[in-house]
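Asks: Give me coordinates for this.
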Amino acid sequence: PEILEKGILRVKYDLSVYKDGTIRFDATNAPLTHFKPREIGVSIEKLKSLGYTHDIYGKPLEDSEQICELKIQDVVIPIKCAEYFVRVSNFVDELLVKVYNLQPYYNVKSIHDLVGHLIVGLAPHTSVGVLGRIIGFTNLNLCYAHPIWHSAKRRDCDGDEDALMLALDMFLNFSREYLPAQIGGIMDAPLLLIPIVNPKEVQRQAHDLDVGKGYPLEFYEKAAEMEEAKRMSQIIDLVEHRLGTEAQFEGYCFTTPVSDINAANPETAYKKFRTMIDKLRGQLTLAEKIQAVEARKVALKVLTTHFLRDITGNLRAFATQGFRCKSCNKRFRRPPLKGNCPFCGGQLSLTVHKGNIEKYLNAAEQIIKAYNLPKYYAQRISLVKDELVSLFEGKKSRQVTLTDFA
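Replies: Model (predicted):
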């Protein structure tokens with residue numbers, strides 16, 4: 001087990017710990033290739049010390065409005081994350097001094113002291129962290145990083161959140177011994193670390209990123225002729241065409257400048273909406289407003305890929321579920337014949353409940369009616385409801401005797 005001192009120090013700094021011993025901050029992924037020093041709240045002198053000596057036009061960096069190209073392993077973190085990492089760094093320093101009898105490492109007093117320090121990004125359902133370096137901050141709840149860095153985590157910036165960790169906290173406190181033994185227990189744990197990101201080894205989506213200053217006239221002419229996009233990719237400056245050269249790391253360009261990378265929604269709507277029904281309603285409302293989107297197809301996709309799978313999967317899980325003792329937490333594949341826990345005599349409880357099955361039933365029915373989806377889906381929902389009635393609301397059987405048949 002972990003030493004008690006670590007837990008005491010975490011409480012002192014009001015920190016939460018993950019199952020593997022690490023401390024994490026979750027932030028929504030967002031791609032970034034260029035920035036102005038003013039936008040990330042870092043001084044020119046500090047940026048120069050981190051290697052940002054010139055802007056994208058080759059001029060010496062002297063003004064906070066000059067545009068710099070982001071290095072592929074540099075990260076701009078949310079201010080909330082930085083404030084949390086200040087407490088994490090203080091925790092790590094006190095741990096080094098009082099438990100390991102070493103000198104403090106971070107000596108952080110404010111968020112600006114974090115600039116230049118290393119972090120690790122980790123996506124859910126993976127076991128490989130990616131090393132990054134803090135170079136600035138944003139008031140948005142976003143983790144701004146290079147598309148190549150996000151792709152190294154196996155992410156494509158479609159609204160997902162990933163975990164960020166201070167590197168020394170991970171090295172010091174992570175242990176495989178803390179991970180659950182069951183299937184999937186090693187997921188979401190930094191078992192491996194990518195110290196240097198190789199653009200050739202990231203996901204294909206990042207290779208399709210166009211990084212030119214503009215598009216040639218031929219591109220627009222072929223677009224008017226409805227030419228196949230894949231064939232036209234040969235005339236576009238893509239990351240894929242730069243692989244294996246120095247240009248795969250730097251020299252990326254953009255077509256449209258922005259006034260401020262922080263002039264956006266501070267938080268994803270996915271976090272703003274609390275319940276799944278609210279999120280669904282927001283998604284369908286947006287789909288109805290966009291001419292390029294067919295709301296009926298969106299509703300059908302949500303129904304088939306999410307709701308129906310969730311409902312039928314939970315129904316199947318209910319039929320094959322195990323049982324858990326409320327006292328000692330012992331689990332059983334089948335209920336013991338004596339009706340309670342054979343180890344401690346405690347009461348048994350279900351591991352899958354009725355509410356898990358029916359939580360999306362009403363929403364699924366509303367989608368089918370509102371968008372006039374095929375009757376097949378209405379019949380599937382009807383069959384599930386019949387199954388629920390037979391499981392939970394059937395008439396109680398009456399004990400009969402032989403004389404009842406006389």
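Asks: these two touch, right, K330 and C341?
Replies: Yes. Assessed by CB atoms under 8 Å, K330 is found in contact with C341 at 6.1 Å. Just so you know, the C-beta spots here come from the backbone N, C-alpha and C atoms, and that holds for glycine as well.
Asks: higher neighbour count, these two?
Replies: C341 (20 against 15; other CB atoms under 10 Å).
Asks: Excluding chain neighbours, what is closest to that one?
Replies: C325 (3.9 Å; CB to CB, 6 or more residues apart in numbering).
Asks: so how many other residues sit close to that neighbour?
Replies: Neighbours around C325, by other CB under 10 Å: 20.
Asks: May I have the predicted confidence score for it?
Replies: Looking at C325, its pLDDT is 89.
Asks: quick one: it and N356, what's the gap?
Replies: 20 Å (CB to CB, to the nearest Å).
Asks: Neighbours of the nearest residue to Q66 once chain neighbours are set aside, how many?
Replies: In space, and not counting its chain neighbours, Q66 is closest to D55: 4.0 Å by CB to CB, 6+ apart. Counted with other CB under 10 Å, residues neighbouring D55 total 19.
Asks: Surely D55 is in contact with E65?
Replies: No. D55 lies out of contact with E65 (CB under 8 Å); the separation is 9.6 Å.
Asks: Contacts only, for K330.
Replies: 324, 341, 343-344 (CB atoms under 8 Å, 6 or more residues apart in numbering).
Asks: if you look at those residues, which of them are in strands?
Replies: Secondary structure defined by DSSP state E assigns R324 of those to strands.
Asks: By neighbours, which of the contacts of K330 wins?
Replies: C341 (20 neighbours).
Asks: pretty sure it is touching C328, no?
Replies: Yes. Counting by CB under 8 Å, C341 touches C328, with 6.4 Å between them.
Asks: residue closest to the middle of this structure?
Replies: The centre of the chain sits closest to E161, judged by CA atoms, centre = their mean, with a distance of 2.7 Å.
Asks: tell me which residues form a beta bridge with that residue?
Replies: Beta-bridge partners for E161, by DSSP bridges, are T28.
Asks: From C143, how far out is it?
Replies: E161 is 8 Å from C143, by CB to CB.
Asks: Show me what the mean pLDDT comes to for stretch 82-99.
Replies: 98.
Asks: CA atoms of it as PDB?
Replies: Only the C-alpha atoms of stretch 82-99 are listed here, as PDB (Å, rounded to 0.1, in the frame of the first residue of the first chain):
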ATOM      1  CA  ALA A  82      -2.000  26.000 -13.700                       C
ATOM      2  CA  GLU A  83      -3.400  27.000 -10.400                       C
ATOM      3  CA  TYR A  84      -4.000  23.400  -9.600                       C
ATOM      4  CA  PHE A  85      -0.500  22.400 -10.700                       C
ATOM      5  CA  VAL A  86       1.000  25.100  -8.300                       C
ATOM      6  CA  ARG A  87      -0.600  23.100  -5.400                       C
ATOM      7  CA  VAL A  88       0.600  19.800  -7.000                       C
ATOM      8  CA  SER A  89       4.200  21.200  -7.300                       C
ATOM      9  CA  ASN A  90       4.100  22.300  -3.700                       C
ATOM     10  CA  PHE A  91       2.900  18.800  -2.600                       C
ATOM     11  CA  VAL A  92       5.700  17.200  -4.600                       C
ATOM     12  CA  ASP A  93       8.400  19.500  -3.100                       C
ATOM     13  CA  GLU A  94       7.200  18.900   0.500                       C
ATOM     14  CA  LEU A  95       7.100  15.100  -0.300                       C
ATOM     15  CA  LEU A  96      10.700  15.300  -1.500                       C
ATOM     16  CA  VAL A  97      11.900  17.100   1.600                       C
ATOM     17  CA  LYS A  98       9.900  15.400   4.400                       C
ATOM     18  CA  VAL A  99       9.600  11.900   3.100                       C
END
